[in-house]
Structure formats: C-alpha cells, structure tokens
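Student: quick check, what structure comes out for this input:
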Amino acid sequence: MGEDKLDLEKYFKKLSDANQIPESNKNFSIGNFDQFSIESINNFGKGFVHNSEIFVSSDQSKLHSHSLSLLAKQFYEPINKKFNYDFFFASPSKIPIFNQFGGGHCQLLSIDLNLGSTHEKGHNEIIGEIGFINQDLGLLLAKSIAQLNQYTYISYSFGFKVEYDKKNFSAIFFLLERSKSPSEEKVLILQNSVRNNSQKIEEKSYSVSFDELINGFYNENMSQFNVNLLYSRIVNQDNLEVPLVFDLQICDFDKQKTESVTISIGTDVLKEIFYLWKDHFLFLKVKKLKNER
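Tutor: Presented below is the predicted three-dimensional model:
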C-alpha cells in the first residue's frame, strides 16, 4: 500500500464517526480514485468507482435491511418450487466487476443481495441492490450495468430505489439482463486483475454520467450499455395494490434445459416497504424532538 494513499474504510469510518455523512437522496462521493489505495478499495468493497470518483453506500436503515429479506424471498421461493429442490440461496457478497461505462475501472464490489444456484460457473446468478440513503437511481443503474458485461457470469441484476423523501413515498423497480454472452477468457482476466489489485484492464471503456444512464433508462434505450431492460415500474402510495410481475429464464442444469419462472413481488411486500419508509422518518422526527428538549 503506497504511503501517500489513504485507506478507504478507515477514512469513511472517520467521517461517519464525526457525523459528516448526512442522510439524503444524493450519492455520497468520498473523493477521487487517486486518493485511495486500490487494496483498500477492494478490501472495503463498499466504494464504487465511477469516472474516477468513489461513491460509498453504507445504508444501515431498517428499510434497507428488511427490504432485502423481503425481495430475496420473492425470487428464490418460486424458483425453488419450480425445480423442486434448494436450487437458489440468497446472501450478500463481494464480486469482481469491470465498469466499462464508468471509466473502465475494475474492483471488488460488495453487493446487497446475491441470489444464485450451486452451479460451478455461477450461471443463473441474480444480483440485487436496494437504494435509499445516499444512493440514487443513476448509481443503482451504473452498478447493475457493470455486473452484466462479458466479464461476469451474472444473468440478471435488479434495483429497487426508494426516494429519500419524508413527505411522499415513491420508488422504482427495474430488472436488467445481459445482452452479450459471458466470455470465459474475459471472466478469468477480470478475476486475475482484481486478485493482483490492478486498476484497469485492456478493454475499450467509456465515461458515461449517471444522468446519461437515467436518460437511457427512461427512454428505454439501455441496449447502448449492452443490457436489456426486462421490466420496470414506479411504485407509489396509489398503486401498492398492484404487484410487480415478470418472468425469468432459469436454466435447470440437471435437465439441460431452460424454463420460465414467474416472479411476483406481492402487494404485501410493497406495503411492508411503504411502512418501513414511514417508520424511518417518524423515528427521525421523534429523535429530533428529543434532542430539542
């Protein structure tokens, strides 16, 4: 580790302990990539490098943790029921990524949710991320896109962004799939690069802003980022009674065939996330009143 480089985790903890990271709907940029050692970025895992800037997401809210459990169950239960055995498991993990549309950095990134089969090469793997505090839609999209290029075996990536707004409940769910098949050679290149703490790999990359990703999303033009938008929906207090329903193509390696599985994120789940949102801001209000006494 270079003497002139900061340790990302220690620096983040210092800011956090000093209450210098305000809760908001905005992404939290902790600094430039050149300020921190690549070893500390990979070890910490919670800093996402995009266009040489590091964005840290470390949401400790109940909304974040409980929503992960609720959404994970909506995926792995119908898949396991379809195949009649424990095909899927859910857990947080740290994965290697190549951010081709964010300056070309490669790193280890901690993800909220990894739903995967026990197949040795990780096919059928589904990655999920919840955005609430200090993580906007653009950052969620950037992370998902970086997980679905030819350097990984991940099949799908979903995001659920709940707006950090104390007055109005609004959220958006999206599901992306890769448009190009994985390359075993490129997967190994990325794995070796991250293992050796390399900063970049020899591949053409692009510097796309979060706003450009959001525009591509709303214009349904995600193919320019080598992904397909399979499903998306805005959720608010007026449509909590409408479930999110979509199909996934899951490969059964025992039968050597791919089958469609319907995923339904029910109204009970959406309502629970809504109540978690209400509770979060109610807690902050009570806490503020106590501090003012």
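
Student: contact partners for Phe169?
Tutor: Val162, Glu163, Asn236, Gln237, Phe274, Trp277, Lys278 (Cβ atoms under 8 Å, 6 or more residues apart in numbering). Just so you know, the C-beta spots here come from the backbone N, C-alpha and C atoms, and that holds for glycine as well.

Student: can you pull out the strands in the chain?
Tutor: Along the chain, counting by DSSP state E, strands occupy 29-32, 47-50, 53-56, 89-99, 105-116, 126-131, 156-162, 170-178, 227-236, 244-252, 257-265.

Student: what is the burial count for Leu230?
Tutor: Burial of Leu230 is recorded as 16 neighbouring residues (other Cβ atoms under 10 Å).

Student: enumerate every residue touching it.
Tutor: For Leu230, the contacting residues are Tyr156, Leu175, Leu176, Glu177, Phe246, taking Cβ under 8 Å, 6+ apart as the criterion.

Student: give me the subset of the contacts of Phe169 lying in helices.
Tutor: Using DSSP state H, the members of the contacts of Phe169 that fall in helices are Phe274, Trp277, Lys278.

Student: would you mind listing which of these are buried?
Tutor: Buried members of the ones in helices among the contacts of Phe169, counted by 16 or more other Cβ atoms under 10 Å: Phe274, Trp277.

Student: quickly list what the nearest residue to Ile111 once chain neighbours are set aside is bridged to.
Tutor: Spatial nearest neighbour of Ile111, chain neighbours left out: Ile127 (5.4 Å); criterion: Cβ to Cβ, 6 or more residues apart in numbering. Going by DSSP bridges, Ile127 is paired in beta bridges with Asn114, Ser157.

Student: and the pLDDT at Ile127?
Tutor: Predicted confidence (pLDDT) for Ile127: 92.

Student: next up, the contacts around it.
Tutor: For Ile127, the contact set (Cβ under 8 Å, 6+ apart) comprises Ile95, Ile111, Leu113, Asn114, Leu115, Ser144, Gln147, Ile154, Tyr156, Ser157, Phe158.

Student: out of those, flag the one nearest to Leu70.
Tutor: Comparing the contacts of Ile127 against Leu70 with Cβ to Cβ picks out Leu113 as the nearest, at 10.8 Å.

Student: can you list the weak-confidence ranges in the chain?
Tutor: Low-confidence segments of the chain, defined by pLDDT under 70, span residues 1-3, 85-90, 117-124, 252-255, 286-290, 292-293.

Student: which residue is nearest the middle of it?
Tutor: Against the mean C-alpha coordinate of the chain, by Cα atoms, centre = their mean, the closest residue is Glu129 at 3.2 Å.

Student: quick check, that one in contact with Ile111.
Tutor: Yes: in this structure Glu129 lies within contact range of Ile111 using Cβ atoms under 8 Å: 6.3 Å.

Student: mind listing the shared neighbours of those two?
Tutor: In the contact map built from Cβ under 8 Å, 6+ apart, the residues linked to both Glu129 and Ile111 are Lys143.

Student: circling back to that earlier point, could the contacts of Leu230 go into JSON lines alongside neighbour count?
Tutor: Output for the contacts of Leu230, formatted as JSON lines (neighbours: other Cβ atoms under 10 Å):
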{"residue": "Tyr156", "neighbour count": "25"}
{"residue": "Leu175", "neighbour count": "22"}
{"residue": "Leu176", "neighbour count": "25"}
{"residue": "Glu177", "neighbour count": "19"}
{"residue": "Phe246", "neighbour count": "16"}
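
Student: now, the most widely separated pair of these?
Tutor: Across these, the longest distance by Cβ to Cβ is 11.6 Å; it joins Leu176 and Phe246.

Student: gap between Asn215 and Ser91?
Tutor: 33 Å (Cβ to Cβ, to the nearest Å).

Student: next one: Thr152
Tutor: Taking Cβ to Cβ as the measure, Thr152 and Ser91 are separated by 17 Å.

Student: so what's the residue count around Glu53?
Tutor: Residues lying near Glu53 (other Cβ under 10 Å) number 16.
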